[in-house]
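Novice: here is the input, now give the coordinates:
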Amino acid sequence: MPVRYDMRWNKHEHIRRSSRSLGPGHSLYFDMDPWTPATRNMEGEVSYYDPRRVAKLRRRLKGVNKQQYLRDAVARVLRGANSDKERVARICGFVYDAIYYNPIQQPVHDAKGQVLITDPVELLELHDGRCGQGVEITHALLQIAGIESRKRNVFHHVTCEARYGGAWHLADALMFGAEQPEKQGEVVSVAELRRDPYFADAFPLRHFVYTPEELLSTDGYRLLGYCFGDWGALAYYSWYMGGDEDYPPFLPIVLPAERLGSDRVRLRWAPSVKRNGGAIRYRVTVYEDRARTKAIISRTVSKTSLDWTVPETNRMYFIGVAATDDHVEKNPDTWYPEAPGNFVLVPKDQYGWYGVV
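Specialist: Below is the predicted model of the structure:
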C-alpha cells in the first residue's frame, strides 16, 4: 500500500505529545553550538532529534515514490482552488498546519544537530521544522503545483516567494500560513517589505507564541535557550526585512482575580518585560465568549491590574491581556497576542473559588 500524507494528522495532538517529554537525561538548556556557550551545570544531552527516530522513518519510507507522494498531497490540498493566489494560500496553509516550529527539537541527520534534514517528504512525515525547512517543503509543493517559486535569503531568516499574476508574492508558510501580509488585497513581495519593513508587524506570527506547557520538562523545569520564552524572545518580523532590531514584550501571565466586594473584582496579571528594555502598557479585554470575539470592556493601562464591576455573578468571563510597547510608533497596527484567563464570581459561602480569591 503506497504511503500518503495523512490529512487527518492533528497538530495539537502532536504538540501535546512533545510537551513535557524531556526527562532528566536531557539538558534544560538548548545550545546551538558554536554560537551559544554551554552552561556549567547543563546536565544531560542537548535536545536534538534522536537519530533512531529518523532512521525508523527512513525504513518506513524506503521505496516510496516521493514525487508521487508530493503530487498526491498537492492534488488533495488544491482541490477546488480557482486561482494561483488561492493555490499558494492553500499550500502555505497546509505547510503551516503540517509543521510545528519546534523550539525543543528539530529534524537533523546526526545527534549533534549539525546537518539539517531538508527532504520535504521526510519533514512532512516528521512534522517538525524551522524556517529553512519550511521553505524546502513550500518550494517543492509549489513546483508540483506548476507555480514558479524561489527561496529568498533575508536577514537572519530564509523565506519563499511565489510568482503569479505577473509579480512575485511572499509565501512564508511557517511564519504566516494561509494569511500572508496583504496591501489592498494583494500579497506583498519581499522587495515591498524591505521598503516598508514594519508593515508586516501587524500580521500574526503565531509560531512564536509558545505556551508554558510546551516548554516544561517532565520534572517541571522551564527549558531555556534559542527561541524560548513566551512570544518575546524572537524579534519582530520587520527585523528580517531590514528594520531596527526590536523585540516584542513577553506575554503577561493572568493571575487569579481578587475579590473587592460582592460584585467587584481586581483583574490581575504578572508584569511583562521587553528584551533590551522599554516601556510596557497592557490592553485588557473582558469577553463574554470563550473564543474571545465578543468584548464587554477593553482598557489600556500602565499598571498590572484593573478593577471591574462584574455585571452578573455565577457567570464565566474570559480575559485577554496583551502587553504593548512603543513599536506602535512604527506601526500602530502591530499585532500583540493575548494571554488568556477566565473566572466566575460566586458568593463567598459558595463551595470553590473559581478563579477569584
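Novice: now do the contacts for the residue nearest the centre of the chain.
Specialist: By CA atoms, centre = their mean, the chain has its centre lying nearest to H207, at 1.3 Å. The contact partners of H207, taken as CB atoms under 8 Å, 6 or more residues apart in numbering, are Y96, Y101, L174, M175. To be clear about C-beta, it is placed using only N, CA and C from the backbone, and glycine gets the same treatment.
Novice: for R206, same thing?
Specialist: Contacts of R206 by CB under 8 Å, 6+ apart are G177, P337.
Novice: and it, what's its pLDDT?
Specialist: Looking at R206, its pLDDT stands at 87.
Novice: could you do W353 as well?
Specialist: 80.
Novice: same check, this time on F228
Specialist: For F228, pLDDT reads 67.
Novice: list the contacts of stretch 217-224.
Specialist: 20-24, 26, 28-30, 47, 103-104, 212, 215-216, 228.
Novice: tell me which of the residues you listed has the lowest pLDDT.
Specialist: F228 (67).
Novice: pLDDT below threshold where in the stretch 51-200 of the chain?
Specialist: Within the stretch 51-200 of the chain, the ranges that satisfy pLDDT under 70 run 111-113.
Novice: for M241, which residues are in contact?
Specialist: M241 neighbours (CB under 8 Å, 6+ apart): V154, F155, V190, L193, R194, P197, A200.
Novice: check these and tell me the two furthest apart.
Specialist: F155 and A200 (13.1 Å; CB to CB).
Novice: which one's more surrounded, those two?
Specialist: Higher neighbour count among F155 and A200: A200, with 26 against 13, using other CB atoms under 10 Å.
Novice: now for A323, how many residues are close by?
Specialist: Neighbours of A323 (other CB under 10 Å): 25.
Novice: does it count as helix, strand or coil?
Specialist: At A323 the chain is in strand, as set by DSSP: H, G, I helix; E, B strand; the rest coil.
Novice: give the contact list for it.
Specialist: P248, P249, F250, L251, P252, S272, K274, I280, R281, Y282, Y336.
Novice: so which of those wins on neighbours?
Specialist: Going by other CB under 10 Å, P248 tops those with 28 neighbours.
Novice: once you drop chain neighbours, what's closest to it?
Specialist: G232 (5.0 Å; CB to CB, 6 or more residues apart in numbering).
Novice: right, and that neighbour touches N276 too?
Specialist: No: using CB atoms under 8 Å, G232 makes no contact with N276, being 10.4 Å away.
Novice: looking at these two, which one has more neighbours?
Specialist: Using other CB under 10 Å as the criterion, G232 and N276 rank with G232 on top: 20 against 8.
Novice: got a list of what the more buried one touches?
Specialist: Y247, P248, P249, F250, L251, S272, V273, K274, R275.
Novice: separation between the second one and G165?
Specialist: Applying CB to CB, to the nearest Å, the value for P248 to G165 is 32 Å.
Novice: the third one now?
Specialist: Separation of P249 from G165 (CB to CB) stands at 37 Å.
Novice: can I get the contacts of A323 in CSV with pLDDT?
Specialist: Shown next, in CSV, are the contacts of A323 (pLDDT from 0 to 100):
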residue, pLDDT
P248, 94
P249, 95
F250, 92
L251, 92
P252, 93
S272, 95
K274, 92
I280, 96
R281, 97
Y282, 98
Y336, 96
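Novice: looking at the residues you listed, which are in strands?
Specialist: R281, Y282 (DSSP state E).
Novice: out of the contacts of A323, the closest to S83 would be?
Specialist: Closest to S83, out of all of those and judged by CB to CB, is Y336, at 32.3 Å.
Novice: wait, that closest one sits on F250?
Specialist: No: using CB under 8 Å, Y336 makes no contact with F250, being 11.0 Å away.
Novice: if we can go back for a sec, would you turn the contacts of G232 into TSV with distance to N82?
Specialist: Below are those laid out as TSV (distance: CB to CB, whole Å):
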residue	distance to N82
Y247	40
P248	36
P249	41
F250	42
L251	39
S272	43
V273	47
K274	44
R275	44
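Novice: from these, which is closest to K330?
Specialist: P248 (12.0 Å).
Novice: got the contact list for the closest one?
Specialist: W231, G232, Y236, K274, A323, D325, H327, T334, Y336.
Novice: by pLDDT, give me the weakest of those.
Specialist: G232 (79).
Novice: which SSE is it in?
Specialist: Counting by DSSP states H and E, there is no helix or strand that carries G232.
Novice: repeat that for the one 3 residues further on.
Specialist: A235 is located outside every helix and strand, with elements delineated by DSSP H and E.
Novice: for it, phi and psi?
Specialist: phi -70, psi 160 (degrees, to the nearest 10).
Novice: same deal with E122?
Specialist: Residue torsions, per degrees, to the nearest 10, at E122 are phi -60, psi -40.
Novice: so what's the residue count around it?
Specialist: Using other CB under 10 Å, E122 is surrounded by 19 other residues.
Novice: V284 too?
Specialist: A count of neighbours around V284, defined by other CB under 10 Å, yields 23.
Novice: okay, and the beta partners of it?
Specialist: R299, V321 (DSSP bridges).
Novice: I'd like to know how far it sits from S18.
Specialist: Applying CB to CB to V284 and S18 gives a distance of 31 Å.
Novice: likewise for H109?
Specialist: If you go by CB to CB, the gap between H109 and S18 works out to 20 Å.
Novice: again with W231
Specialist: In terms of CB to CB, W231 sits 18 Å off from S18.
Novice: give me the more crowded residue out of those two.
Specialist: W231 (21 against 17).
Novice: thinking that one is in contact with F208, fair?
Specialist: Yes: W231 lies in contact with F208 (CB under 8 Å); the separation is 6.0 Å.
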